[in-house]
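Asks: From the sequence below, what's the structure:
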Amino acid sequence: MPSHAHHHILQSDHLAIEVRLQEGGRIASLRSLYSGLEFLTQAQRDHVPPEPSLVADFRNGPCAGIEECLPTVASCDASTEGGAAPDHGDFWQLPWDVKHIDDRSITLSADGFSRTLRFTKHLAVNDDTLRVDYSVTNIGSRSQSFIYACHPLFAVDEGDHIVLPTGVHSLRLDYSRGNRLGNHGDVVSWPVTASGVRLDKAGSADTGHADMFYTDRVDNGMCSVLRRSTGQSLDVLFDPGTLPYLGIWLCYGGWPDDARDNLQYAVALEPTTSPHNSLNAAQQAQAAKSLQSGKAFKFSISFRVRNTPERLPEQ
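Replies: Okay, here's the model as predicted:
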């Protein structure tokens with residue numbers, strides 16, 4: 001399939017995947033060849049890759065597709081064990097090196113700058129599934145602490161259905177714009193809050209809502225977005241043994257909260273090592289991962305498109 005200096009296409013009979021090598025190795029497109037539907041949000045404007053920096057602002061990047069957050073999501077100051085870490089981590093800012101490439105798979109790698117972490121991912125498309133195998137290796141001489149969160153920004157339309165892992169009936173609120181659902185740390189019921197807000201249905205792009213939640217530890221590593229326009233489901237599959245938590249970001253024109261245009265309209269289902277948005281908070285809660293020198297942490301996430309015959313839930 002086509003390969004260029006800045007992007008590469010992987011393709012099966014069912015899926016076409018575009019990987020942007022110079023833009024944090026992000027997955028810029030995941031498209032069904034059955035329906036033509038694009039499952040990922042697209043960048044709203046062209047971006048020049050930033051000079052990697054501890055002060056880079058994620059909102060100035062593409063903010064689209066599937067990106068990687070390591071060693072933090074929220075920025076951390078110098079009081080953090082191991083030092084400061086940038087907004088949404090190091091790796092969305094970096095060009096990734098290609099280690100292997102063919103029509104259906106690609107292996108990429110990059111070395112972080114805030115921590116001595118080498119991040120490698122192998123992407124392979126097979127039939128209706130994109131599988132990504134990850135490895136985080138400490139290439140330094142000292143132990144390193146981090147959190148990892150996948151950051152997939154899924155395209156949605158009003159009324160699309162959000163399915164969380166079985167057994168999830170409540171969430172911890174991390175952020176709600178204007179505190180509309182409560183305060184940081186509040187417990188919110190799923191799928192309908194105590195105040196009657198329906199969370200499992202995508203809202204319209206003009207509501208101005210933006211809410212972030214975390215699950216407790218999950219027993220089942222499958223969640224989905226069901227697209228009403230085609231009746232297709234995009235499933236996110238992960239192993240709770242390595243990624244025990246799920247972050248949920250529901251953004252219907254509510255971010256950036258001080259912007260008038262290029263407002264985000266997306267749902268993100270984020271398998272993660274920690275139910276905390278920042279490495280600093282995870283460290284304080286003893287919920288950060290730790291790697292000794294030369295050791296590696298390995299895990300995988302799969303994205304599967306299903307042509308669901310089931311009737312989607314009513315509004």
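Asks: rest of the way, CA atoms for contacts and neighbours
Replies: Will do.
Asks: How far off centre is the helix or strand encompassing Val136?
Replies: Val136 is part of strand 129-138, with elements assigned from DSSP states H and E. Put simply, strand 129-138 sits 13 Å off its chain's centre (Cα atoms, centre = their mean, to the nearest Å).
Asks: ok, residues contacting the next helix-or-strand element following that strand?
Replies: Counting by DSSP H and E, the next helix or strand C-terminal to strand 129-138 is strand 144-146. Defining contact as Cα atoms under 8 Å, 6 or more residues apart in numbering, one finds that strand 144-146 is touched by 70-72, 81-82, 115-117, 138, 279, 283, 288-293.
Asks: repeat for stretch 62-73
Replies: If you take Cα under 8 Å, 6+ apart as the criterion, stretch 62-73 is touched by 23-29, 40-47, 85-92, 115, 145-154, 277-279.
Asks: Only whichever of these are buried, select them in ChimeraX.
Replies: Listed next is the ChimeraX selection for buried residues among the contacts of stretch 62-73, using 16 or more other Cα atoms under 10 Å:
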select :23,24,25,26,27,28,29,40,41,42,85,86,87,88,89,90,91,92,115,145,146,147,148,149,150,151,152,153,154,277,278,279
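Asks: what's around Gly167, how many residues?
Replies: Neighbour count of Gly167, defined by other Cα atoms under 10 Å: 9.
Asks: So what does it have for phi and psi?
Replies: phi 90, psi -10 (degrees, to the nearest 10).
Asks: How about Gln284?
Replies: phi -60, psi -30.
Asks: what's around it, how many residues?
Replies: When counting by other Cα under 10 Å, one arrives at 11 neighbours for Gln284.
Asks: Kindly report the same for Asn60.
Replies: Residues near Asn60, counting by other Cα under 10 Å, number 11.
Asks: same check, this time on Ser274
Replies: By other Cα under 10 Å, 30 other residues sit near Ser274.
Asks: and it, which of the three is it?
Replies: Here Ser274 is coil, with the state taken from DSSP: H, G, I helix; E, B strand; the rest coil.
Asks: who touches it in this structure?
Replies: By Cα under 8 Å, 6+ apart, the contact set of Ser274 is 147-149, 243-245, 282, 287-288.
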